[in-house]
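>>> only geometry, no sequence info:
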């Protein structure tokens with residue numbers, strides 16, 4: 001069972017669009033106001049672990065993976081544009097961007113193409129290997145969802161620790177621009193990969 005948690009931890013805590021936004025929020029001094037976003041991420045993972053755990057990984061056909069990739073890429077691109085816009089607005093009127101909500105965390109994680117890559121091996125290979133079935137799927141989903149909520153929370157804390165450096169207006173504007181650009185790049189990668197799958 002330790003293998004499940006190690007794999008989930010590595011996949012969930014490596015940098016991605018969710019953690020990038022959480023780091024930026026920590027830098028922008030949003031602190032506890034981002035807790036609903038983190039909870040949204042955790043709830044989305046509980047939904048996906050439970051759904052795929054009970055229904056089986058075989059019910060996610062390739063076309064569904066393509067749709068998830070397109071939706072996820074589009075949503076991440078939208079968030080990237082919001083961050084870029086915030087960097088431009090900050091140049092004009094030095095105000096932090098509004099905090100991300102529970103809905104943002106839920107939708108972003110539900111449409112994050114990285115989520116099924118994490119979940120499918122766990123529910124289709126690792127759960128059966130250790131005998132996780134029935135109600136145990138629900139319990140494991142709750143535990144793994146809590147682990148997932150901790151990922152953006154840890155990046156939020158890291159961002160809060162870096163804020164003394166990053167809250168200088170010029171540095172903050174530059175960080176928003178870099179983070180927004182990275183989100184747009186990630187979005188482009190997801191969209192490109194999904195479009196390639198459509199053509200094959």
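Perfect, thanks for sending it. This one's a predicted model, so the numbers in the text were calculated from it and none came from an experiment.
>>> past the helix or strand bottoming out on mean pLDDT in the chain, which element shows up next along the chain?
Within the chain, no helix or strand scores below helix 62-93, which has a mean of 71 by mean pLDDT, DSSP states H and E. Sequence order places helix 102-110 as the next helix or strand after helix 62-93, per DSSP states H and E.
>>> show me what that following helix is packed against.
Contacts defined by 3 or more CB pairs under 8 Å, 6 or more residues apart in numbering; DSSP states H and E place helix 102-110 against helix 17-27, helix 35-55, helix 62-93. The way it works is simple: take the backbone N, C-alpha and C, and place the C-beta from them, glycine included.
>>> among those helices, which is the most enclosed?
Stretch with highest mean neighbour count among the helices and strands packed on helix 102-110: helix 17-27 (a mean of 25; mean count of other CB atoms under 10 Å).
>>> let me know the angle separating that one from helix 102-110.
Interaxial angle, helix 17-27 versus helix 102-110 (axes from the mean of the first three to the mean of the last three CA atoms, to 10 degrees): 150 degrees.
>>> next, count neighbours for residue 143.
Counted with other CB atoms under 10 Å, the neighbours of residue 143 add up to 15.
>>> got the angle for the helix or strand where residue 171 lies vs helix 17-27?
Assessed by DSSP H and E, residue 171 sits inside helix 169-199. Helix 169-199 runs at 170 degrees relative to helix 17-27, counting by the same axes, to 10 degrees.
>>> residue 199 and residue 76: what is the separation?
According to CB to CB, to the nearest Å, residue 199 and residue 76 sit 21 Å apart.
>>> got it, and residue 153?
Relative to residue 76, and taking CB to CB, residue 153 is found at 20 Å.
>>> repeat for residue 171
24 Å.
>>> kindly report the same for residue 196.
Distance, residue 196 to residue 76, by CB to CB: 17 Å.
>>> can you check residue 40 too?
From residue 40 across to residue 76, the span is 15 Å (CB to CB).
>>> count of residues packed around residue 144?
With other CB under 10 Å as criterion, residue 144 counts 26.
>>> what strand or helix carries it?
If you go by DSSP H and E, residue 144 is part of helix 135-166.
>>> middle-most residue in the chain, spatially?
Of all residues in the chain, the one closest to the mean position by CA atoms, centre = their mean is residue 18, 3.2 Å from it.
>>> so that residue touches residue 106, yeah?
No. Look at residue 18 against residue 106 with CB atoms under 8 Å: they stay out of range, at 11.0 Å.
>>> what residues are shared contacts of those two?
residue 41 (CB atoms under 8 Å, 6 or more residues apart in numbering).
>>> hang on, the earlier thing: okay, the helices and strands packed on helix 102-110 in a markdown table with distance to residue 5 next?
A markdown table is the format used below for the helices and strands packed on helix 102-110 (distance: least, CB to CB, whole Å):
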| stretch | distance to residue 5 |
| --- | --- |
| helix 17-27 | 18 |
| helix 35-55 | 13 |
| helix 62-93 | 24 |
